[in-house]
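1. Here's my sequence, what's the structure:
(one chain, ligands or ions: 1)
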Amino acid sequence: MESILRLKEVSKAYKKSDFRLEQISFSVPYGSIVGFVGENGAGKSTTIGCVLNTISRDSGSIEVFGREMQEQDVEIKQRIGVVYDGENFPGYYSAGQLSDIFRGIYEKWDDALFQFYLKEFGLSKGQKIKTYSKGMTMKLAIAAALSHHPDLLILDEATSGLDPSMRDEMLDIFLDFVGTEKRSILFSTHITSDLEKIADYIVLIHKGKILLTEEKDKIVYHYGVMRCGKGQFNAMEENDKIAWRRRDYQIDVLVSDREKILKKYPGTVVDHVSIDELVVLLTKGEKR
Ligand SMILES: Nc1ncnc2c1ncn2[C@@H]1O[C@H](COP(=O)(O)OP(=O)(O)OP(=O)(O)O)[C@@H](O)[C@H]1O
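-> Got it, this is the predicted structure:
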């Protein structure tokens, strides 16, 4: 399948900490939303920094729109929209002033679309950004990122400051965005319920390594968690256990094919797994 973004064996070590990204490989196919998950400090922002060339990688390759991004690749950067958690713009500007600046930077800057989003998100054009609430600055950053018609949208915790109804509205906007099959989103977030709603793939990073790349529907519909006692756990074939956590009275075992496990071990309880529980089992659990 063709990809809008492809990372191959990307590694990065920081001089001032022990953290290292180790051989990160994953792809973002055209027309898809890829959820990028992992605990605090797992390496999500570092990976995104490598993609955007704000952090220099030590080795590996990154292809965007089918070609390797160079350091000052203006053409590729025109086609990427980025939203960070936190300060995206200097606070002394107003949304109206931002629009004047972006008109000069982005070839495809769309004033009408930007005005539309400002209205839609209830943002005033003249108010200084530093007087916005956190949610308002995030909405503004998303509006600005969408208004230069990017083909790839990179969201680094971009929705964490939004209330549930606003997040829901944003998810619809993101789904519309990828609807044409020509655009994609790399969506890093801790709010995995949002990914359950809109992601096509989940990429899990842990301590700088990719632990899982999987279709979201497979996780939601096929994976499961078997709740078993010691006897049931010991009777299970090793190959059926992906990861497990021992609790006081039961052991939770992550399995990749819920239906198969239910048939193979009759009378057992195998729940559907949420992305949150999957992440916990894979990052904190024991493995074969
Ligand atoms: N400039 C830097 N120098 C040294 N270490 C750094 C630097 N930037 C980040 N790190 C370290 O790299 C690790 C990964 O950080 P990163 O921000 O990529 O994680 P993350 O998955 O985005 O976390 P979070 O979910 O908390 O945002 C952390 O241990 C962090 O301390």
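2. Run the chain-centre distance for stretch 15-32.
-> Distance, stretch centre to chain centre, for stretch 15-32: 12 Å (CA atoms, centre = their mean, to the nearest Å).
3. I'd like to check what contacts that stretch. Which residues are they?
-> With contact meaning CB atoms under 8 Å, 6 or more residues apart in numbering, stretch 15-32 is reached by 1-14, 34, 41, 43, 46-47, 50, 57, 60, 152, 178-186, 200-201, 203, 205, 208-210, 213. For every residue, glycine as well, the C-beta is placed using N, CA and C.
4. ok, now with 7 Å
-> 1-13, 34, 43, 46-47, 178, 181-182, 184, 186, 200-201, 203, 208-210, 213 (CB atoms under 7 Å, 6 or more residues apart in numbering).
5. what does stretch 121-141 give?
-> Here stretch 121-141 makes contact (CB under 7 Å, 6+ apart) with 83, 88-89, 91-96, 118, 143, 158-159, 161-163, 166.
6. again with stretch 166-180
-> 31-33, 135, 142, 153, 159, 162, 183-185, 194, 197-198.
7. how close does G267 sit to the ligand?
-> Note on G267: its distance to the ligand, by CB to the nearest ligand atom, to the nearest Å, is 40 Å.
8. so what's that residue up against?
-> With contact set as CB under 7 Å, 6+ apart, G267 has no partners.
9. and it, what element?
-> Under the criterion DSSP states H and E, no helix or strand holds G267.
10. Could I get the phi/psi values of it?
-> When read as degrees, to the nearest 10, the backbone of G267 gives phi 80, psi 0.
11. The ligand: which of the contacts of stretch 166-180 is nearest?
-> Closest to the ligand out of the contacts of stretch 166-180 is T159 (13.6 Å), distances taken as CB to the nearest ligand atom.
12. out of the contacts of stretch 166-180, what pair is the most spread apart?
-> Greatest spatial distance in these: G31 and G135, 28.7 Å, computed using CB to CB.
13. Help me confirm that K8 is found in a strand?
-> Yes: counting by DSSP: H, G, I helix; E, B strand; the rest coil, K8 is part of a strand.
14. Which secondary structure element is home to the closest residue to it other than its chain neighbours?
-> Leaving aside its sequence neighbours, K8 sits nearest to S61 (CB to CB, 6 or more residues apart in numbering; 4.8 Å). In the assignment (DSSP H and E), S61 maps to strand 59-64.
15. quick one on the thing from earlier: and the contacts of stretch 166-180 as CSV, adding pLDDT and distance to D18?
-> Formatted as CSV, these follow (pLDDT from 0 to 100; distance: CB to CB, whole Å):
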residue, pLDDT, distance to D18
G31, 95, 38
S32, 97, 33
I33, 98, 32
G135, 89, 35
I142, 95, 34
L153, 97, 32
T159, 89, 30
L162, 90, 34
R183, 96, 37
S184, 97, 33
I185, 98, 31
D194, 96, 31
K197, 96, 36
I198, 97, 35
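16. Show the buried residues in those.
-> Of the members of the contacts of stretch 166-180, the ones counted as buried by neighbours, 16 or more other CB atoms under 10 Å, are 31-33, 135, 142, 153, 159, 162, 183-185, 194, 197-198.
17. ok, back up a step: out of the contacts of stretch 15-32, which touch the ligand?
-> Checking the contacts of stretch 15-32 against the ligand by CB under 6 Å from any ligand atom, the ones in range are G43, T46.
18. May I have the helix or strand of the chain with the lowest mean pLDDT as CSV, with CA atoms only?
-> Least confident helix or strand of the chain, by mean pLDDT, DSSP states H and E, is helix 74-78 with a mean of 85. The C-alpha coordinates for helix 74-78 follow below in CSV (Å, rounded to 0.1, in the frame of the first residue of the first chain):
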residue,chain,number,x,y,z
VAL,A,74,10.2,24.2,1.7
GLU,A,75,8.0,22.4,-0.8
ILE,A,76,7.3,19.4,1.5
LYS,A,77,6.8,21.7,4.5
GLN,A,78,4.1,23.6,2.6
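19. Buried residues of the strand holding S61, list them for me.
-> Buried-residue list, strand 59-64, by 16+ other CB under 10 Å: G60, I62, V64.
20. For the helix or strand following it, which helices and strands make contact with it?
-> Using DSSP H and E, the helix or strand that follows strand 59-64 in sequence is strand 67-68. Applying 3 or more CB pairs under 7 Å, 6 or more residues apart in numbering; DSSP states H and E, we find strand 67-68 packed against no helix or strand.
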